[in-house]
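Trainee: 3D, please:
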Amino acid sequence: MKYFVTGATGFIGGHVARQLVQAGHVVLALVRTPDKATGLASLGVKLVKGDVTDKDSMRTPMSSVDGVFHIAGWYKVGVRDKSDAKKINVDGTRNVLELMQELRITKGVYTSTLAVNSDTGGILVDENYRFGGRHLSVYDQTKADAHKLAEEFISRGLPLVIVQPGLVYGPGDTSSVRTTLLQFLKRQLPFMPRKTAFCWAHVEDTARGHILAMQKGLAGQNFFICGPMHSFIDAMQMASEISGVPTPGMRVGPGMLRAMSGMMGMVEKIVPLPESYTGEALRSIAGVTYLGDNSKARRELGFEPRPLKEGLRETLQYEIKLLGL
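Mentor: Next comes the predicted model:
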């Protein structure tokens, strides 16, 4: 089979492209700068110069494929410049899905996120859950808008499957998850938020979930391809058992973090702050639970994410080696 992949230079997309090639498929990867994607080319991925914000740049390569993985996204929390959020997450998604429709692509997989459901209040929700409140970050809001857009295209007959990862971790990550793990290993993590919890999935399992959705998922369905639920504190305690590094003594409750968020929201209007200490970033960890039940993906796709401790051990060993600890 021949697949078109957006976001292949990213964490999840790179693993999807790699697994597809290893399975014998032909992969066309949309990249803004081919010279910076030599790692993909060395795997046998065919590079196509273009951008999801430029619809015409995708038309020719998409016209000859059996399926599309739209994984590209803007994922930043706490940054000052949010101008690309809507352009990439919403407008870029519209471009890809419109082309799928125009070119009569037989099947596509769109990468959404559990974050479209925002804080679930400690409840493990399923795919039928719908959030109607105010989102905690521009990322969450724009991904929610893009998710609704994907559902609109599905209602018009587009053969699309939606997958929703949770917190994704693993070797090679460059997100704030890695930043947190590095802070922990360097004994620089200032505190741990109480009640904050996520569904943690290793990047290799998340990529496999995408491919299972293409192979087995019914068009029009969405699947939570998230991992097991663990609080942030539980995860750091596992990290401590694995690494021998003690966990931070300070544990901060949701109320305090929300108060800090409000204060930092005013401060950042005057002076730049590190991303982790902006109002948006603090608000997004203030006892928040981004939780989803992956039973449907297990049942219908055969999705089997590994336990957190197993994946965390591999990830920490990778980072410890890089740090020379």
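
Trainee: how deep is the residue nearest to residue 286 when sequence neighbours are not counted tucked in, by neighbour count?
Mentor: Setting aside the residues directly before and after it, residue 286 is nearest to residue 257 in space (C-beta to C-beta, 6 or more residues apart in numbering), at 3.6 Å. Every C-beta, even on glycine, is put in place using the N, C-alpha and C of the backbone. As a burial measure, residue 257 scores 23 neighbours (other C-beta atoms under 10 Å).

Trainee: now swap in the one 3 residues further on and tell me
Mentor: With neighbours defined by other C-beta under 10 Å, the count for residue 260 comes to 16.

Trainee: so it touches residue 283, yeah?
Mentor: No. Between residue 260 and residue 283 no contact is recorded; they are 9.1 Å apart, counting by C-beta atoms under 8 Å.

Trainee: related to what we said a few turns ago, just to be sure, the residue nearest to residue 286 is in a helix?
Mentor: Yes. Residue state for residue 257 (DSSP: H, G, I helix; E, B strand; the rest coil) corresponds to a helix.

Trainee: mind jotting down where the strands sit in this protein?
Mentor: Listed in chain order, the strands of the chain (DSSP state E) span residues 2-6, 26-31, 46-49, 67-70, 108-111, 160-163, 167-169, 192-193, 197-202, 222-223, 229-231, 251-252, 289-290.

Trainee: model confidence over the fifth one, on average?
Mentor: Mean per-residue pLDDT for strand 108-111: 98.

Trainee: packing partners for it?
Mentor: For strand 108-111, the helices and strands in contact under the criterion 3 or more C-beta pairs under 8 Å, 6 or more residues apart in numbering; DSSP states H and E are strand 67-70, helix 92-103, strand 160-163, helix 203-216.

Trainee: of those, flag the one that's most buried.
Mentor: Per-stretch averages of neighbours, counted by mean count of other C-beta atoms under 10 Å, single out strand 67-70 among the helices and strands packed on strand 108-111, with a mean of 26.

Trainee: still on that earlier bit, of all the strands of the chain, which lies closest to residue 133?
Mentor: For the strands of the chain, distance to residue 133 was read as C-beta to C-beta. The smallest value, 13.9 Å, belongs to strand 289-290.

Trainee: any residues touching that closest one, and which ones?
Mentor: 114-115, 117-123, 166-167, 195-199 (C-beta atoms under 8 Å, 6 or more residues apart in numbering).

Trainee: list only buried entries from those.
Mentor: Buried positions within the contacts of strand 289-290, assessed by neighbour count (16 or more other C-beta atoms under 10 Å), are 114-115, 117-120, 166-167, 195-199.

Trainee: in TSV: the residues you listed, plus distance to residue 94.
Mentor: As requested, those are exported to TSV (distance: C-beta to C-beta, whole Å):
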residue	distance to residue 94
114	22
115	19
117	21
118	22
119	27
120	27
166	25
167	27
195	36
196	33
197	32
198	29
199	28
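
Trainee: so residue 119 makes contact with residue 288?
Mentor: Yes. In terms of C-beta under 8 Å, residue 119 counts as a neighbour of residue 288; the distance is 4.5 Å.

Trainee: joint contacts of those two?
Mentor: Between them, residue 119 and residue 288 share the neighbouring residues residue 136, with contact defined by C-beta under 8 Å, 6+ apart.

Trainee: about what we covered before: tell me which of the helices and strands packed on strand 108-111 sits nearest to residue 18.
Mentor: Nearest of the helices and strands packed on strand 108-111 to residue 18, taken as C-beta to C-beta: helix 203-216 at 7.6 Å.

Trainee: next, the angle strand 197-202 makes with that closest one.
Mentor: Here helix 203-216 points in a direction 80 degrees away from that of strand 197-202 (axes from the mean of the first three to the mean of the last three C-alpha atoms, to 10 degrees).

Trainee: off-centre distance for helix 203-216?
Mentor: Distance of helix 203-216 from the chain centroid (C-alpha atoms, centre = their mean, to the nearest Å) equals 13 Å.

Trainee: hmm, residue 142 is touching residue 89, no?
Mentor: Yes. Shown here, residue 142 and residue 89 form a contact pair, counting by C-beta under 8 Å, at 4.0 Å.

Trainee: which neighbours do those two have in common?
Mentor: Shared between the contact lists of residue 142 and residue 89 (criterion: C-beta under 8 Å, 6+ apart) are residues residue 74.

Trainee: what about the closest residue to residue 202 other than its chain neighbours, neighbour count?
Mentor: Counting by C-beta to C-beta, 6+ apart, residue 311 is the residue found nearest to residue 202 once chain neighbours are left out, at 3.8 Å. Using other C-beta under 10 Å, residue 311 has 22 other residues around it.

Trainee: residues contacting residue 311?
Mentor: Applying C-beta under 8 Å, 6+ apart, the residues contacting residue 311 are 169, 170, 200, 201, 202, 205, 227.
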